[in-house]
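Enquirer: Build me a structure from this.
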Amino acid sequence: LAPRNPSLYARQRPSRLNHRWFSDSKTTTAKPTKTDGSGRSRAMGSLVFLSLAGFTGFLGYWQLKRRQWKVDLIEERTKQLNKDPISIQDVFRMQDGLDDENDANFRRVKVTGKLYYSREMIVGPRSAPADTDPKYAGDRGGFYLLTPMELTNGEFILVNRGWVRAADKDKLCVEPDQTYDG
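Expert: Purely as a prediction, here's the structure:
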């Protein structure tokens, strides 16, 4: 008996798209997608991928530059905080443009005046400062305690007396107004 159609019995190679040898009669085989031969879809995919890779590289470079800027900023502020304290009159003179104003930024200041505890205020809620013991800070945050101070020349400034946890906010006692030097 000779086969009617010899191509039916020819050896066929299984491929990803045509699994005649491994499929049962109920499943259909996937037909290869038609392309226009120019590879436009592949070129577009490559373009999108390269664009995303380039953008990601740019963001990484930007983060490195930003990190260096932040390190320099922290170093500059640490230098300012480590300088000797200056008088409040020097700060006012610097703000009036008589001296370099940048030299007054983040400097410790000496003041003499009267603190008005009866007028102190709390600002918050604020998270705990970085150097606060986590056991003390708690999980509810806290507040900054600001107290007005009248200087010897009659002007008022606000003195940040520090951070107070939220649980201790109601325990603040009002002290009598006192004069301080330092």
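Enquirer: any weak-confidence spans in this protein?
Expert: Applying pLDDT under 70 to the chain flags residues 1-38, 97-102, 134-140, 169-182.
Enquirer: residue ranges of the helices in it, please?
Expert: Along the chain, counting by DSSP state H, helices occupy 40-82, 88-95, 134-137.
Enquirer: now the ones you listed as JSON lines including distance to T152 and mean neighbour count?
Expert: The way it works is simple: take the backbone N, C-alpha and C, and place the C-beta from them, glycine included. Putting the helices of the chain into JSON lines (distance: least, CB to CB, whole Å; neighbours: other CB atoms under 10 Å) gives the following:
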{"stretch": "helix 40-82", "distance to T152": "25", "mean neighbour count": "10"}
{"stretch": "helix 88-95", "distance to T152": "9", "mean neighbour count": "16"}
{"stretch": "helix 134-137", "distance to T152": "35", "mean neighbour count": "10"}
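Enquirer: Which of the ones you listed sits closest to D103?
Expert: Evaluated over those, closeness to D103 peaks at helix 88-95, with 6.3 Å, by CB to CB.
Enquirer: who does that closest one touch, helix- and strand-wise?
Expert: strand 109-110 (3 or more CB pairs under 8 Å, 6 or more residues apart in numbering; DSSP states H and E).
Enquirer: mind listing what the strand it packs on pairs with, with the direction of each?
Expert: In the sheet, strand 109-110 lines up against strand 86-87 (parallel) (DSSP bridges).
Enquirer: which residues sit against the strand it pairs with?
Expert: The contact list for strand 86-87 (CB atoms under 8 Å, 6 or more residues apart in numbering) reads A104, R107, R108, V109, K110, V111.
Enquirer: Next up, the contacts around the closest residue to the fourth one other than its chain neighbours.
Expert: Nearest non-adjacent residue to V109, counting by CB to CB, 6 or more residues apart in numbering: I88, 5.5 Å away. Under the criterion of CB under 8 Å, 6+ apart, the contact list for I88 reads V109, K110, V111, L151, I157.
Enquirer: what separates I88 from L146, distance-wise?
Expert: Relative to L146, I88 is positioned 16 Å away (CB to CB, to the nearest Å).
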